[in-house]
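**Student:** structure here, sequence nowhere to be found:
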């Protein structure tokens, strides 16, 4: 018994540095953000004043915050949808054993290497109505200029396109790796059972890819939800707030307005939203195993 | 503003440059203002400091010491100035301060009045609006290094061709814009800051000023409003006023004669479009005229004249002064303050101002420099600004120096963008802006 206790002590002593690091890096900032969110605190203007739930109450009535939540949801939905569908299709394409495909695959992943802020700047200039190459091409074709970044109905999709350009290769890469790891014998068995190509895809490939699909969707949802660089460089939330995603509103409130209490309340809400979404998908990663 | 961030964080490069340059500088140490010492400056990525970056080696040689120039983007600079103020000892000898920021920083900047008097600095040579812009609570909190107004530029050739008079009122601006818009292939009436957030927010504050009213209820004084004394009773927003409606109607009209992409146009982009012949008129920070005046290929070069902000129906021809001052943080140890002051005196001297113009900084807040023929040849805008300063057509009250100024810009720029984009009526946008500004002031505890 005492030996077991001794072993536990040693084990605890060995993992305690990791626990301390996790507490310092992950847990403390969250607790501190919650603490700040309960205060009125404008940076550089005196000490924080306790305000209870006032910041959250203000958020409830803040139309701009509510709009930003919906804009974020819309952005995440379309960005992840496009990235997943195109990335998934590309993964299958690159999985075909054809000469030159390996080189093409290497080229296709290049956008991931670009810094998001640089990608934003490049897309800003490409979409620009006065200097942009895309509108130049549009006018060469005799069509009127398109307000890629200023049209109420188009701007968000321009940002989705820029995000998809950068992150579709990531989805492709993960799905490609997952496809490569699928065992050949399963397909042989499917063939022996008389499944055609379509049936094999739906009944064999997709279920076996399910964990990878879930992981890639979780990663993309979390990452898209945090996206700020493209909005920063391309639209600053315009036109008329149509691209004002939650991180941008948080940035404007916290880092321009320096209203730290209110910004912390936004951050806490963001954390809750992203946690709910993530857990929804995490719970489904092992779904196939539960059925066994 | 976005582009500002690209000029930031050059410290590392300059640290390396400083090490290399320090040997040369030390050898010349007996001559310059630094006398072999090091000065640490927290600066903004605006033209004058960009010039200092470009001529850093020469500057150190002139100063006879090491200049650590820490250049930041606007938001990061503000955060760093505020963080630095909380230190027991300042990390910087000098900080750069934008004119509307004095209200926020006034409690932790050194009063320079004593130094000015003792050194015999010719303060009357500075433009009066620039000098008094840093005067708060009976203290001189900064010395102008790159203050410049947002003025109005128009293409003289196009106006003459169309037989139009220079526009001094908003009504004349609209008439000229209407006449010139589309009169040539790719020509729009007017360029301005209409991008969402700070750019549009600043436009609103300045245009509302030229309609005769600041965005908050400042005390009126002769010829304007009292910049140096803004108390809690002055913090009520005025977006529910008749003047705000007039301002809104003017901006909505401007939209008709604006170039493509106006809803995302800000700062240098408007000037570049103007420079390339895309607009017949533009609102412009005067220092940015270097973009076309120093570019031989610019269509606008040599064809531009300048006016103060055109006045609204009940307003004044008065341009908004903005831009940068050098200040000393009050947590800088006493034994470094004399050195800091000497550097301010040197960097803001007429000789140095003229020097900066050689490298693309078309700003000279000094009457004597504005009359220097070589400077005028390089930067035609400078005498225009000097004339405006002399005739009292430049002021700083349009952008009130209060800690909430950035929130004011953001709210106005976000809410009124709804109206410009056609998503909301101007009346509703102003009402929502008023409501949000009121909330900000209440949260800050002003009333």
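**Tutor:** Everything's here; your move. From a predicted model like this one, the values you see are computed outputs, not experimental measurements.
**Student:** in the chain, which helix or strand is least confident?
**Tutor:** Here I'm looking at chain A. helix A:287-291 (a mean of 49; mean pLDDT, DSSP states H and E).
**Student:** right idea, wrong chain: chain B
**Tutor:** Per mean pLDDT, DSSP H and E, bottom of the list for chain B is helix B:11-27, a mean of 38.
**Student:** need the next SSE after that helix, C-terminal direction.
**Tutor:** Where DSSP states H and E defines the elements, the next helix or strand beyond helix B:11-27 is strand B:38-44.
**Student:** contacts for that next one, please.
**Tutor:** Strand B:38-44 is contacted by residues B:4, B:49, B:52, B:63, B:65-74, B:77, B:80-81, B:84, B:91-96, B:98, B:324, B:326, B:339-340, B:343 when judged by Cβ atoms under 8 Å, 6 or more residues apart in numbering or on different chains. In this view, the C-beta of every residue, glycine as well, is placed from N, C-alpha and C.
**Student:** switch to 7 Å and redo it
**Tutor:** B:49, B:65-72, B:74, B:77, B:80-81, B:91-96, B:324, B:339, B:343 (Cβ atoms under 7 Å, 6 or more residues apart in numbering or on different chains).
**Student:** of the residues you listed, grab the buried ones for PyMOL.
**Tutor:** In PyMOL syntax, the buried subset of the contacts of strand B:38-44 is picked out as below (16 or more other Cβ atoms under 10 Å in any protein chain shown):
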select buried, chain B and resi 49+65+66+67+68+69+70+71+72+74+77+80+81+92+93+94+95+96+324+339+343
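**Student:** what parts of the stretch 51-200 of chain B come near chain A?
**Tutor:** For the stretch 51-200 of chain B, the residues in contact with chain A (Cβ under 7 Å from any Cβ of the partner chain) are B:75, B:82, B:85, B:104, B:195-197.
**Student:** and which of the residues you listed is nearest to residue B:282?
**Tutor:** residue B:195 (14.1 Å; Cβ to Cβ).
**Student:** for the stretch 301-447 of chain B, which segments are assigned as strands?
**Tutor:** Using DSSP state E, counting those that start in this stretch, the strands of the stretch 301-447 of chain B run over B:304-307, B:319-327, B:394-395.
**Student:** okay, residue 8: pLDDT?
**Tutor:** The chain I'm using is chain A. For residue A:8, the pLDDT comes out at 88.
**Student:** ah, no, chain B please
**Tutor:** 40.
**Student:** again with residue A:84
**Tutor:** 97.
**Student:** per-domain residue ranges of chain B.
**Tutor:** Segmentation of chain B into domains, based on automatic domain parsing, reads B:2-147+B:322-390, B:149-320+B:394-443.
**Student:** which of these sits most buried?
**Tutor:** Greatest average neighbour count among the domains of chain B goes to domain B:149-320+B:394-443 (a mean of 21), per mean count of other Cβ atoms under 10 Å in any protein chain shown.
**Student:** would you map the helices across the stretch 51-200 of chain A?
**Tutor:** Secondary structure of the stretch 51-200 of chain A (DSSP state H, counting those that start in this stretch): helices at A:54-61, A:63-95, A:101-108, A:110-113, A:116-127, A:133-140, A:155-180, A:184-192, A:197-200.
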